[in-house]
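[1] the sequence and its predicted three-dimensional model are supplied below.
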Protein chains: 2
Amino acid sequence: MKNVKSAVCIACGAEYEATPNITTCPKCGGILDIQYDYEYIRSQLTPEQLKARSDHSMWRYREFLPVEGASKVPKLRVGWSPFYEADRLAEMIGIKKLYIKDDGINPTGSLKDRASAMAVVKAEEAGVDTIACSSTGNAASSLAGNAAAAGFKTVIFVPERAPKGKVAQLMMFGATVISVKGTYEETFRLSADAISRWGWYNRNAAINPYLMEGKKTVSFEIAEQLDFKMTDYVAVSVGDGCTISGVWKGFKDLYAAGFIDKLPRLVSVQAEGCCPLNRSIAEGKDWEPMEENTIADSIAVGVPRNPDKALNAIRESNGIVVNVSDEEIYESMRLLGRTSGVFAEPAGATGTAGVKKAVLQGLIPKDATVVSLVTGSGLKDVANAIKAAGEPIAIAPDMNLLLEAFEKMNLK
Amino acid sequence: MKNVKSAVCIACGAEYEATPNITTCPKCGGILDIQYDYEYIRSQLTPEQLKARSDHSMWRYREFLPVEGASKVPKLRVGWSPFYEADRLAEMIGIKKLYIKDDGINPTGSLKDRASAMAVVKAEEAGVDTIACSSTGNAASSLAGNAAAAGFKTVIFVPERAPKGKVAQLMMFGATVISVKGTYEETFRLSADAISRWGWYNRNAAINPYLMEGKKTVSFEIAEQLDFKMTDYVAVSVGDGCTISGVWKGFKDLYAAGFIDKLPRLVSVQAEGCCPLNRSIAEGKDWEPMEENTIADSIAVGVPRNPDKALNAIRESNGIVVNVSDEEIYESMRLLGRTSGVFAEPAGATGTAGVKKAVLQGLIPKDATVVSLVTGSGLKDVANAIKAAGEPIAIAPDMNLLLEAFEKMNLK
């Protein structure tokens, strides 16, 4: 990989060759970070060349990605998700300009497809035929789908609270699924033991440094869809910490390669009932575990597996932190649907809930420009969608009953 | 609209001006069909010009669409769905070449988004602020989503059996939803009465001739994704009859304008428990109503609203008809997921189930090339996905229990 220099431990600074199956630092257990040769990348790709490309998937950014020249791009079409100028929503929130990046429009319905597509390529490079992970759901189904399309076997560990839709989806993709009667933390530990026992390829995002490199493609797309003129803020919902780290890495890559001349400030949005990273930033203390009290299951992570990279990202970007209640998340789901036709799962709508709250609290000025990232589709968690959306008018097929119902509801 | 000549009744041949709010033939009640000036279209667009376009949505085919020059394209990004060469699935089915067109990857998760996007444009042209329809679910949620993104109000009638996920989705988009305690037929009739009473824009596909013109864009994409070298067959699941009619119209348009030099044969796939159109073709008799006995709710239409166009399409294309059981539909859902990473709802997997069966029965020769259209996402109907996919292995977080479970299942 001519564009990659090495993998460096973010804890102790040790440097390693970026082989396909590196995980955490052998010396100190810290998380590794892939380092690039930006001068080389710049010599290989210009913004103009990029714009002319016909590949509308995450792989259009190959020069920025840690994959061997000979590696084939997976078939499943991941990335190049829609990017909307959300004028009506911006007006309702009271902000100058708001964009929605809808990453629920990915093959398995979430941003995690970007990481899983990368895992498939690296597992192929590593010569392994089985990929495993633990996940609250989206990483799992995305791994199952991307691996199935590429002919890999998968073993997936989910905590028992994972929504049925997500589990059904990954069963459909042929994964061997272990539903663990315990917390996410216990699920993660069992998966780690099994992975080391059987030598499967590890798709746990906080362990495998390549996955974040897949996730960062969402930032490449945001920048390109903005014609490389960055907004002031980018809002992201935060659980494990891997997504916000990937988002930040993407912008830093583009900045280092001269594709953008300004870095956005990150808005880290967590659920009030589970916000260990935001609490750490707000109180200026080390992070501490929290309970997992939120309906936004994808970010209900009391013991984040990637705290250091996430905290670094928020701080480096001069970011802000906002915590939102479950009711604010439901409201944000309704707002996204009703103003923009975007149907988000709770964690997917959390970023936008944070933008609204931050504007209200004066943390984001009214003349700012903001991108809000929707990380997953609302179809993934129908039970919460029903709670957020309410029930339809139920009547027998009779016009008089319809007239009555409309009158009662003050319609027409 | 310089590209549109008129709207012609397919029953009595009467010709009308193609105004935005035409519905059925005022003389005989027949369904209208939009007629184009293909010479004009050919003078405006070549395949080469098309390929160079950066708009990757259904609107890249604007020259073939019945919209006014001044009309704005809706914001929600509909179309340009993924197209996969499904080699492993082709091998399992025993056919030379199989492609999957995954239209579940649309903003609201189904092909119906193409029709709803068109409805939004025509409602705008007609100067109406409310759009209404009846639907088994997908047309409803797609209308709600597309209308919400464009700022229209919607009133939507669904039969009570519509899956909860679909209903939650359209509630989230802010639609006024009427859940009718009755059949699809009764739902349809109540919606028709209400639409004529209140003058809403009519998004019932068999009434409004423009919707099929939106749906036909899926064929444009299939052809372009095949580099205009058409396959021998295109398989489509059939309920109301509107989708297969739209698919056929698209190919005929391209053929008339010289973009393709061969028309595919259609494979009309219905559920055994509800196959009035296929039965009509197979027995060479007029179609007759059937009960709605299938888990594939999106095509459970005992009284199809668009039988004439659908039957014409199958006959004109020298098409074949195949009926599949619910178990074959479940199997097809598993096959699509496990070989291709495509998660389809039952009706979405029905076309592929039909291809498998038709190959097995010798109706499609083994050396044929086939496209199978997946019409909706599996996340729309989780209950059936769970039935098709099975249950995960549930254990407490303990390696010994994992070893035990694996041993029992003969894994590792």
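    Cool, the structure landed.
[2] is chain B contacted by the one helix or strand in chain A whose mean pLDDT sits lowest?
    When each helix and strand of chain A is scored by mean pLDDT, DSSP states H and E, helix A:164-172 comes last, with a mean of 83. Yes. Using C-beta under 8 Å from any C-beta of the partner chain, helix A:164-172 reaches chain B at A:164-165, A:167-169, A:171-172. Bear in mind the C-beta positions are built from the backbone N, C-alpha and C, glycine included.
[3] now, which of these sits nearest A:Gly145?
    Set against A:Gly145, the nearest of these by C-beta to C-beta is A:Gln169 (7.4 Å).
[4] out of everything not next to it in sequence, what's closest to that closest one?
    Leaving aside its chain neighbours, A:Gln169 sits nearest to A:Ser141 (4.3 Å; criterion: C-beta to C-beta, 6 or more residues apart in numbering or on different chains).
[5] the helix or strand that that neighbour is a member of versus helix A:164-172: what angle between them?
    In the assignment (DSSP states H and E), A:Ser141 maps to helix A:138-150. Angle, helix A:138-150 to helix A:164-172, by axes from the mean of the first three to the mean of the last three C-alpha atoms, to 10 degrees: 30 degrees.
[6] contacts only, for A:Ala7.
    Residues in contact with A:Ala7 (C-beta atoms under 8 Å, 6 or more residues apart in numbering or on different chains) are A:15-18, A:22, A:32-35, A:209.
[7] list the contacts for the residue of the stretch 101-250 of chain A found nearest chain B?
    Closest residue of the stretch 101-250 of chain A to chain B, C-beta to the nearest C-beta: A:Ala149 (3.1 Å). Residues in contact with A:Ala149 (C-beta under 8 Å, 6+ apart) are A:74-76, A:107, B:84, B:339-342.
[8] how about 6 Å then?
    If you count contacts by C-beta atoms under 6 Å, 6 or more residues apart in numbering or on different chains, A:Ala149 has them with A:75-76, B:340-341.
[9] so which of these belong to helices?
    Members of these lying in helices (criterion: DSSP state H): B:Ser340.
[10] and whichever helix or strand comes after the least confident helix or strand of chain A, what does it pack onto?
    Once the chain leaves helix A:164-172, the next helix or strand it forms, by DSSP H and E, is strand A:176-180. Packing partners of strand A:176-180 (3 or more C-beta pairs under 6 Å, 6 or more residues apart in numbering or on different chains; DSSP states H and E): strand A:153-159.
[11] just give the strands next to the strand it packs on in its sheet, each with its orientation.
    Here strand A:153-159 is paired, per DSSP bridges, with strand A:130-134 (parallel), strand A:176-180 (parallel).
[12] for B:Ile260, which of these is the nearest?
    Nearest of these (C-beta to C-beta): strand A:130-134, 40.0 Å.
[13] now do that closest one: everything it contacts.
    A:119, A:123, A:139, A:143, A:147, A:152-155, A:157, A:187-188, A:191, A:195, A:200-201, A:203-204.
[14] would stretch A:342-357 count as contacting chain B?
    Yes. In terms of C-beta under 6 Å from any C-beta of the partner chain, part of stretch A:342-357 sits within range of chain B, namely A:Phe343.
[15] nope, stretch A:48-58 is what I meant
    Yes. On the criterion C-beta under 6 Å from any C-beta, stretch A:48-58 is in touch with chain B at A:His56.
[16] start and end of that stretch, how far apart?
    End-to-end distance of stretch A:48-58 (C-alpha to C-alpha, to the nearest Å): 17 Å.
[17] residues of that stretch that come out buried?
    Across stretch A:48-58, burial judged by 16 or more other C-beta atoms under 10 Å in any protein chain shown covers A:50, A:57-58.
[18] list the buried residues in stretch A:118-136.
    A:118-125, A:128, A:130-136.
[19] closest to B:Asp286 among the residues you listed?
    Nearest member of the buried residues of stretch A:118-136 to B:Asp286, counting by C-beta to C-beta, is A:Val120, at 51.5 Å.
[20] could I get the pLDDT score of that closest one?
    Here, the pLDDT recorded for A:Val120 equals 97.
[21] ok, it - contacts?
    So A:Val120 contacts A:74, A:146-147, A:150 (C-beta under 6 Å, 6+ apart).
[22] what bits of chain A have low per-residue confidence?
    Along chain A, segments meeting pLDDT under 70 span A:136, A:412.
[23] most neighbours out of the contacts of A:Ala149, which is it?
    B:Gly341 (33 neighbours; other C-beta atoms under 10 Å in any protein chain shown).
[24] report the contact partners of it.
    Neighbouring residues of B:Gly341 by C-beta under 6 Å, 6+ apart: A:76, A:145, A:148-149.
[25] could you do A:Ala347 as well?
    A:237, A:296, A:298-299.
[26] near chain B, from those residues?
    Near chain B, by the rule C-beta under 6 Å from any C-beta, you find none of the contacts of A:Ala347.
[27] using CSV, please lay out those together with neighbour count, secondary structure and distance to B:Gly69.
    CSV is the format used below for the contacts of A:Ala347 (neighbours: other C-beta atoms under 10 Å in any protein chain shown; DSSP: H, G, I helix; E, B strand; the rest coil; distance: C-beta to C-beta, whole Å):
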residue, neighbour count, secondary structure, distance to B:Gly69
A:Ser237, 33, strand, 42
A:Ala296, 29, coil, 45
A:Ser298, 30, helix, 44
A:Ile299, 29, helix, 46
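[28] and which of the residues you listed is nearest chain B?
    A:Ser298 (14.4 Å).
[29] could you find the closest non-adjacent residue to that closest one?
    A:Ala347 (3.6 Å).
[30] which helix or strand contains that neighbour?
    For A:Ala347, the host element (DSSP H and E) is helix A:346-360.
[31] please state the offset of the helix or strand that that helix is followed by from the chain centre?
    In the C-terminal direction, the helix or strand that comes right after helix A:346-360 (DSSP H and E) is strand A:369-374. In this view, strand A:369-374 has its centroid 13 Å away from the chain centroid, taken as C-alpha atoms, centre = their mean, to the nearest Å.
[32] run through who's touching the helix or strand that strand A:369-374 is followed by.
    Moving toward the C-terminus from strand A:369-374, the next helix or strand (DSSP H and E) is helix A:382-389. Contacts to helix A:382-389, defined as C-beta under 6 Å, 6+ apart, come from residues A:295, A:330, A:333, A:346, A:378, B:164-165, B:168, B:171-172.
[33] just the CA atoms of helix A:382-389, as CSV, please.
    Provided in CSV are the C-alpha atoms of helix A:382-389 (Å, rounded to 0.1, in the frame of the first residue of the first chain):
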residue,chain,number,x,y,z
VAL,A,382,-40.1,-0.4,14.2
ALA,A,383,-41.1,-0.7,17.9
ASN,A,384,-39.6,2.7,18.6
ALA,A,385,-40.9,4.1,15.4
ILE,A,386,-44.4,3.2,16.4
LYS,A,387,-43.9,4.8,19.8
ALA,A,388,-42.6,8.0,18.1
ALA,A,389,-45.2,8.1,15.3
